[in-house]
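Trainee: I'd like to go over a predicted model; first the sequence, then the structure.
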Amino acid sequence: MPVDIYVCQTEDIDEEDVRRFDHEDQTYCIYHTPDGFFATDGFCTHEEQHLEDGFVIDNVIECPLHQGRFDVRSGKALSAPVCIDLNTYPLEIRDGAIYLCLSETTT
């Protein structure tokens with residue numbers, strides 16, 4: 001059964017920005033893009049760099065360490081040195097609040 005975990009209010013994340021969210025032993029990143037809100041793993045797949053310090057441009061996060069890029073909607077790796085996609089997670093927006101929707105296996 002899915003578990004919805006409160007992250008923050010939508011107004012807490014400016015457009016083209018990212019927010020780190022830790023839950024239990026997992027780090028996530030929540031993005032606000034022109035297409036809405038999205039969630040991925042919080043670390044780059046290349047060298048485990050935190051993505052919360054990266055740049056968000058449109059629907060792309062750029063890792064602050066080696067400038068690898070990912071599409072935050074799909075997690076797809078877009079440019080070297082990254083070649084492994086990020087995991088993505090569903091979000092739900094209710095009454096201005098963002099909830100991370102996790103399965104019991106990810107909590």
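Mentor: That came in fine, so what should we check first?

Trainee: Now do residue 21 against residue 3, distance only.
Mentor: With distances taken as Cβ to Cβ, to the nearest Å, residue 21 is found 14 Å from residue 3. No exception for glycine: its C-beta is placed from N, CA and C like everyone else's.

Trainee: Over to residue 67?
Mentor: To residue 3, residue 67 is 34 Å away according to Cβ to Cβ.

Trainee: just residue 15 next, same as before
Mentor: Residue 15 is 28 Å from residue 3, by Cβ to Cβ.

Trainee: Please apply the same query to residue 43.
Mentor: Applying Cβ to Cβ, the value for residue 43 to residue 3 is 21 Å.

Trainee: what about these two, which has more around it?
Mentor: residue 43 (18 against 13; other Cβ atoms under 10 Å).

Trainee: Residue 52 is in contact with that one, correct?
Mentor: No: using Cβ atoms under 8 Å, residue 43 is not in contact with residue 52; the gap is 9.6 Å.

Trainee: Surely residue 20 and residue 43 touch.
Mentor: No: assessed by Cβ under 8 Å, residue 20 is found out of contact with residue 43, at 10.1 Å.

Trainee: now the closest residue in space to residue 49 that isn't next to it in sequence: how far from residue 30?
Mentor: Leaving aside its sequence neighbours, residue 49 sits nearest to residue 65 (Cβ to Cβ, 6 or more residues apart in numbering; 4.0 Å). Per Cβ to Cβ, residue 65 is found 20 Å from residue 30.

Trainee: Neighbour count for those two, which is higher?
Mentor: Set residue 65 next to residue 30 and count neighbours by other Cβ under 10 Å: residue 30 wins out with 24 against 16.

Trainee: would you put the C-alpha positions of whichever helix or strand the more buried one is part of in PDB?
Mentor: Assigned by DSSP states H and E, residue 30 falls within strand 26-33. Output of strand 26-33 as PDB, limited to C-alpha atoms (Å, rounded to 0.1, in the frame of the first residue of the first chain):
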ATOM      1  CA  GLN A  26      16.900   7.900   1.900                       C
ATOM      2  CA  THR A  27      17.600  11.400   0.300                       C
ATOM      3  CA  TYR A  28      15.300  12.800  -2.300                       C
ATOM      4  CA  CYS A  29      15.200  16.000  -4.400                       C
ATOM      5  CA  ILE A  30      11.900  17.800  -5.100                       C
ATOM      6  CA  TYR A  31      11.900  20.100  -8.100                       C
ATOM      7  CA  HIS A  32       9.700  22.900  -9.200                       C
ATOM      8  CA  THR A  33       9.800  23.300 -12.900                       C
END
